[in-house]
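Chemist: Using only what follows, build the 3D model:
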Amino acid sequence: MLTSPATASYDRRASHEDDEALRQLYAGHAPAIRAYALRFTTDARADDIVQETFIRAWRHLAKLQSDDRPVRPWLIRVARHLLTDAARSDRCRPVTADGDEFAAIGVDGGLDRVLDQQVLLPALRRLPPGQLLVLLESWLYGASLDLAAQRLGIPPGTARSRLHYALRALRHELSAQDALAS
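Modeler: Below you'll find the predicted structure:
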């Protein structure tokens, strides 16, 4: 459909007038709509409600401008319907929580302990006693290899090799169990 230059300038002028009318509508009524929405919801949700209310006002701007009745009751009714829809939507959706909240609390439901008991402990039991002691000293107690060797009364080179072979055996054992599980 082709438009004449006269129609195009009219569209631009009408669009500019509509934009200005919407700005005035927003400036005059947005604080009241936001205050109304805040009585029922949070700040972020109230801002969303205000935004959506004025999007709907923009879509019905010609009707609102031609009607002699006050606009604010219409805006409040739209906001009320949006709040009702949001509340219904919240009831239908499960509550979600940010993962950071649970990480801060440190709750894992005991899963790590169960996995340790089911997977890691049997693998540790299969290690030779010398390798197990070096592994426990360095990993569980946080000792350096030199300190672990001193505590166990063995040379540092022996502690290093025992730790190397213990870790290699654990990797092999755990990868074999992982292959069985999948």
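Chemist: tell me which helix or strand of this protein sits lowest on mean pLDDT?
Modeler: Here the helix or strand of the chain ranked lowest by mean pLDDT, DSSP states H and E is helix 99-105, holding a mean of 57.
Chemist: tell me the helices in this protein, going along the chain?
Modeler: When assigned using DSSP state H, the helices of the chain occupy the ranges 5-38, 43-59, 61-66, 72-92, 99-105, 111-115, 121-125, 129-135, 145-152, 156-181.
Chemist: Now tabulate those helices in a markdown table and tack on mean neighbour count.
Modeler: Quick note: C-beta positions are derived from backbone N, CA and C, even for glycine. A markdown table is the format used below for those (neighbours: other CB atoms under 10 Å):
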| stretch | mean neighbour count |
| --- | --- |
| helix 5-38 | 13 |
| helix 43-59 | 17 |
| helix 61-66 | 12 |
| helix 72-92 | 14 |
| helix 99-105 | 9 |
| helix 111-115 | 10 |
| helix 121-125 | 12 |
| helix 129-135 | 18 |
| helix 145-152 | 17 |
| helix 156-181 | 14 |
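Chemist: ranking these by mean pLDDT, which is last?
Modeler: Lowest mean pLDDT of the helices of the chain: helix 99-105, a mean of 57.
Chemist: contacting residues for the nearest residue to residue 138 once chain neighbours are set aside?
Modeler: Nearest non-adjacent residue to residue 138, counting by CB to CB, 6 or more residues apart in numbering: residue 148, 4.9 Å away. Counting by CB atoms under 8 Å, 6 or more residues apart in numbering, residue 148 touches 134, 137-138, 141, 159, 163.
Chemist: got it, and residue 30?
Modeler: Under the criterion of CB under 8 Å, 6+ apart, the neighbours of residue 30 are 50, 54.
Chemist: Please verify my assumption that residue 159 contacts residue 153.
Modeler: No - counting by CB atoms under 8 Å, residue 159 stays clear of residue 153, with 10.2 Å between them.
Chemist: residues touching the nearest residue to residue 130 once chain neighbours are set aside, list them.
Modeler: Nearest residue to residue 130 in three dimensions, chain neighbours excluded: residue 162, at 5.4 Å (CB to CB, 6+ apart). Counting by CB under 8 Å, 6+ apart, residue 162 makes contact with 130-131, 133-135, 154.
Chemist: tell me which of those is nearest to residue 118?
Modeler: residue 135 (18.9 Å; CB to CB).
Chemist: Not counting its neighbours along the chain, what's nearest residue 174?
Modeler: Nearest non-adjacent residue to residue 174, counting by CB to CB, 6+ apart: residue 123, 6.1 Å away.
Chemist: do you know how far the one you found is from residue 135?
Modeler: Residue 123 sits 11 Å away from residue 135, going by CB to CB, to the nearest Å.
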